[in-house]
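In: Pasting the sequence and the predicted model now:
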There are 2 protein chains.
Amino acid sequence: MDDDAALGQIETEVALLMRLGEATRRATPVAAHRSLDRAAYVILRHLQDAGPQNVSALAARLNLDGSTVTRQVSAMQRDGLVTREPDPHDGRGAVIRATRAGLNRVDAVRAARTALYGEILADWSPGDRRALAMLMRRLNESLDAHTRRTR
Amino acid sequence: MDDDAALGQIETEVALLMRLGEATRRATPVAAHRSLDRAAYVILRHLQDAGPQNVSALAARLNLDGSTVTRQVSAMQRDGLVTREPDPHDGRGAVIRATRAGLNRVDAVRAARTALYGEILADWSPGDRRALAMLMRRLNESLDAHTRRTR
DNA sequence: ATGAAGTATCTGTACTATACAGCTATATGG
DNA sequence: CCATATAGCTGTATAGTACAGATACTTCAT
């Protein structure tokens, strides 16, 4: 495989993965997998990792429009996964904080998804799994850097 | 990194890639990249690789609902990218065939996307690119096999 | 201190991609 | 030749997202 073929194939595989990833998520029968949609899951993950923060910070970090985050956060608040408190330092904004229930939920979903990937990759060697994890992390870093650069 | 951590990270990276892939596609300024939406692109790619076929075959192969493919194909027909002929062997169905224009379009989009990935992965070694392409192909195979198995 | 410009958020609206259910027309196996 | 299955289309619903506009607050230069 020459270098251009590798690029072409990466392009193809990313497109395919986006389709299959959706299909996999939908086809997963266990409720826990689906109890958080894609955006809610990444929002909670980010709150878990980076602590309470406002809507704009989330939007910028996740490459989402502010209005999208507003709505997602509203839904999550309705479901008791996050709280919204006025920001003491900025009267315009609010601080979004994951609740205990939200953290529990995200842990449960993550555990379920990890188990799912254990099934999917059952016949992979540990070394290949690690290699995939590492290369995908780098791919996302490169994609993110490119998106931010060209904007 | 132990094995469970690798699975967890793969799960995270897939979720992130689905978000970033969308953002990248949207943020891409060149018209050619966006002149085919995700489904139209994979449909044309598949017609290109596997030849003319009916709606059901496409839906099964691409893990899409038949109605989705119907609509996508209608839009593509309107745009002159595919033709729909009655199937001589089955009066219920129709055969979808990529037109010359459709093939040109898919080639242009693929070239543009390949170039884009060339930019995104500019600082990657050829070996890493090949490794990523290979592992993602295997990931998609595993995902697809799992989706079909558990259905 | 104050008005202009910037920023954070929310709301209204619209679009894309998708699924599911129901319909019609055709095919096929007893 | 009927009963059931299949291919495709249409109606309807949902999720996820963006963009534009409105509002409220902040910041900064004068």
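Out: Looks like it arrived, so ask away.
In: these two touch, right, A:A101 and A:Q77?
Out: No: applying C-beta atoms under 8 Å, one finds A:A101 not in contact with A:Q77, separated by 11.4 Å. Any C-beta I mention is one placed from the backbone N, CA and C, and that applies to glycine too.
In: So which of those two has more stuff around it?
Out: Using other C-beta atoms under 10 Å in any protein chain shown as the criterion, A:A101 and A:Q77 rank with A:Q77 on top: 15 against 12.
In: Please tell me how far that one sits from A:R84.
Out: To A:R84, A:Q77 is 6 Å away according to C-beta to C-beta, to the nearest Å.
In: need the residues of chain A near DNA strand D, please.
Out: Proximity of chain A to DNA strand D, by C-beta under 7 Å from any atom of the strand, involves residues A:37-40, A:63-65, A:67-68, A:71-72, A:90-92.
In: what does chain A put close to DNA strand C?
Out: A:19, A:22-23, A:26, A:54-57, A:66-67, A:70-71, A:73-74, A:84, A:87, A:90, A:92-94.
In: Break chain A down into its domains, please.
Out: A:1-31, A:35-112, A:121-151 (automatic domain parsing).
In: Just put these in JSON lines and tack on mean pLDDT.
Out: Formatted as JSON lines, the domains of chain A follow (pLDDT from 0 to 100):
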{"stretch": "domain A:1-31", "mean pLDDT": "74"}
{"stretch": "domain A:35-112", "mean pLDDT": "90"}
{"stretch": "domain A:121-151", "mean pLDDT": "89"}
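In: any chance of the ones you listed in TSV, plus distance to B:G8?
Out: Output for these, formatted as TSV (distance: least, C-beta to C-beta, whole Å):
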stretch	distance to B:G8
domain A:1-31	16
domain A:35-112	7
domain A:121-151	8
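In: between the ones you listed, which gets nearest to B:G118?
Out: Among these, the nearest to B:G118 by C-beta to C-beta is domain A:1-31 (5.4 Å).
In: Quickly note the distance from A:G80 to DNA strand D.
Out: For A:G80, the distance to DNA strand D equals 17 Å [C-beta to the nearest atom of the strand, to the nearest Å].
In: I'd like to know which elements the helix or strand where A:A115 lies is packed against.
Out: Using DSSP states H and E, A:A115 sits within helix A:100-120. For helix A:100-120, the packing partners by 3 or more C-beta pairs under 8 Å, 6 or more residues apart in numbering or on different chains; DSSP states H and E come out as helix A:31-34, helix A:38-50, helix B:3-27, helix B:126-149.
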